[in-house]
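Peer 1: how would this look folded up:
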Amino acid sequence: MLPRLTQTASGGGCACKIPPGELRALLAGVDLPGSDALLVGADTGDDAAVVRLDGGRAVVSTVDFFTPVVDDPHDWGRIAATNAMSDVWAMGGEPLLAVNLVTWPRATLPMDLLAEALRGGARACAEVGVPLAGGHSIDGPEPVYGLAVTGLADPDWLLRNDSAVPGAALSLTKPLGLGILNNRHKTTGEVFPEAVDVMTSPNRDASRAALAAGLRAATDVTGFGLLGHLTAMMRASGTTAVLDVDAVPVLEAALRSLAEGYVPGGSRRNLDWVRPDLDAGDAGEDALLVLADAQTSGGLLLGGEVAGAPVIGEVVPRRADGALVVLRGRAPRAVAR
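Peer 2: Take a look at the predicted model:
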């Protein structure tokens, strides 16, 4: 009998990330070299690095990988590849090339499972027309899969997390709740097709729509949760977000699972990290956990409006008390997928 992939690793999906506060402290002690051509580096915690090639072209570079978020190796590969390419779309770029990144415990897991994960990643790339060429693999204690992705963008038409302006709406292109459902899947083995559907849906069309609408601010919502990524965007932009909790879409099954006690540790860490910058208003603890839920391959958080993406708040000038996110309302709304 084959092992359940989610049982072979301590974490799963983007919830595996090092907590953002620890990451900031770590990078503060590292002197990263830069250049005049570097348009987006590590200073704002954006989704990818961007370097100018010439007047009309910039290279977008990113890497993303994680341990199994689902037991099906093909779906894990699809999710991991879609998630990695999303960083390029989140910057307003178009992926040009991807390469595989693999860690595999050869002594304990069949190589057939890895082959199926690679097929899933190849499928995700093929569906959006991105070449997948080779990569790098090592033998390690836990299975890890993802991609390094290179893309192109117009340097004058980037989507950045430091470009939110007062008066802009805040829109979200995918529902929340993925971390909660992945946690339940890992614990019980129950499969949630709606979560897999969300995680394997590429953010390409949303990115293109944002650029066509003239938007300049965006980030994708992944392991640090909506509140974590929104806080980072507001900090980088020198603004404050007023978030309409009642307008935030969450998968119905996730709200039911939360009520039954399924919450990833990464989501709790996310909430602890943002509390000092948060005015929670009347929102209860369950609502806060949903808003901090560690997503895997989540949607784009946009500073502006695009068709089909619900408006969940607005950007306002930085509050005098320093709060980066102010909540209005009490409970996110349930949606089916």
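Peer 1: pull the contacting residues for the residue most central in space within the chain.
Peer 2: The centroid of the chain falls nearest to residue 222 when counting by Cα atoms, centre = their mean (2.1 Å). With contacts defined as Cβ atoms under 8 Å, 6 or more residues apart in numbering, the neighbours of residue 222 are 14, 17, 83, 86, 229, 294-298. Every C-beta, even on glycine, is put in place using the N, C-alpha and C of the backbone.
Peer 1: let's go with 10 Å and repeat that
Peer 2: 13-15, 17, 47, 64, 66, 83, 86-87, 90, 178-179, 228-229, 294-299 (Cβ atoms under 10 Å, 6 or more residues apart in numbering).
Peer 1: which ones among those map onto strands?
Peer 2: 64, 66 (DSSP state E).
Peer 1: so which of the contacts of residue 222 sit within helices?
Peer 2: The members of the contacts of residue 222 that map onto helices under DSSP state H are 83, 86-87, 90, 178-179, 228-229.
Peer 1: filter those residues to the buried ones?
Peer 2: 83, 86-87, 90, 178-179, 228-229 (16 or more other Cβ atoms under 10 Å).
Peer 1: tell me the one among those nearest to residue 114.
Peer 2: Ranked by distance to residue 114 (Cβ to Cβ), these are led by residue 83 at 17.9 Å.
Peer 1: quick one: the closest one and residue 174 touch, right?
Peer 2: No - in this structure, residue 83 is not within contact of residue 174 by Cβ atoms under 10 Å, at 11.7 Å.
Peer 1: show me the helices in the stretch 51-200 of the chain, by range?
Peer 2: 73-90, 111-127, 178-188, 193-199 (DSSP state H, counting those that start in this stretch).
Peer 1: can you redo these as TSV with mean pLDDT?
Peer 2: TSV is the format used below for these (pLDDT from 0 to 100):
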stretch	mean pLDDT
helix 73-90	98
helix 111-127	98
helix 178-188	96
helix 193-199	98
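Peer 1: closest one to residue 6 among those?
Peer 2: Set against residue 6 and scored by Cβ to Cβ, the helices of the stretch 51-200 of the chain come closest in helix 178-188, at 4.2 Å.
Peer 1: which parts of stretch 310-327 are buried?
Peer 2: Across stretch 310-327, burial judged by 16+ other Cβ under 10 Å covers 310, 312-315, 318, 323-327.
Peer 1: of all those residues, which two lie farthest apart?
Peer 2: So, these by Cβ to Cβ: farthest apart are 310 and 318, at 24.8 Å.
Peer 1: how long is stretch 303-314 from one end to the other?
Peer 2: Start and end residues of stretch 303-314 are separated by 8 Å (Cα to Cα, to the nearest Å).
Peer 1: with stretch 120-139 instead?
Peer 2: Termini of stretch 120-139 sit 20 Å apart (Cα to Cα).
Peer 1: and that stretch, what's buried?
Peer 2: So, applying 16+ other Cβ under 10 Å, buried residues of stretch 120-139: 120-125, 128, 130, 132, 135, 137.
Peer 1: farthest pair in these?
Peer 2: Using Cβ to Cβ, those span at most 23.3 Å, a distance reached by 128 and 137.
Peer 1: ok, back up a step: and for residue 83 and residue 174, which residues touch both?
Peer 2: The contact lists of residue 83 and residue 174 share 199, 203, 220, 295, 297-298, where a contact means Cβ under 10 Å, 6+ apart.
Peer 1: still on that earlier bit, closest one of the buried ones among the ones in helices among the contacts of residue 222 to residue 289?
Peer 2: Using Cβ to Cβ, those come closest to residue 289 at residue 179, 9.5 Å.
Peer 1: residues contacting that closest one?
Peer 2: Counting by Cβ under 10 Å, 6+ apart, residue 179 has contacts 12-15, 69, 195, 222-223, 225, 254, 262-267, 270, 289-290, 292-296, 298.
Peer 1: buried among these? Make that a PyMOL selection.
Peer 2: In PyMOL syntax, the buried subset of the contacts of residue 179 is picked out as below (16+ other Cβ under 10 Å):
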select buried, resi 12+13+14+15+69+195+222+223+225+254+262+263+264+266+267+270+289+290+292+293+294+295+296+298
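Peer 1: quick one: which of the buried residues of stretch 310-327 sit in strands?
Peer 2: 312-315, 325-327.
Peer 1: just list the residues touching the closest residue to residue 252 other than its chain neighbours, thanks.
Peer 2: Distances taken as Cβ to Cβ, 6 or more residues apart in numbering put residue 334 closest to residue 252, at 4.4 Å, once the chain neighbours are dropped. By Cβ under 10 Å, 6+ apart, the residues touching residue 334 are 175, 177, 249-256.
Peer 1: and residue 334, helix, strand or coil?
Peer 2: Of the three states, residue 334 takes strand under DSSP: H, G, I helix; E, B strand; the rest coil.
Peer 1: who does it bridge with?
Peer 2: Beta bridges link residue 334 to residue 250 when assigned by DSSP bridges.
Peer 1: so where's this structure shaky on pLDDT?
Peer 2: Within the chain, the segments meeting pLDDT under 70 span 1, 12-16, 20.
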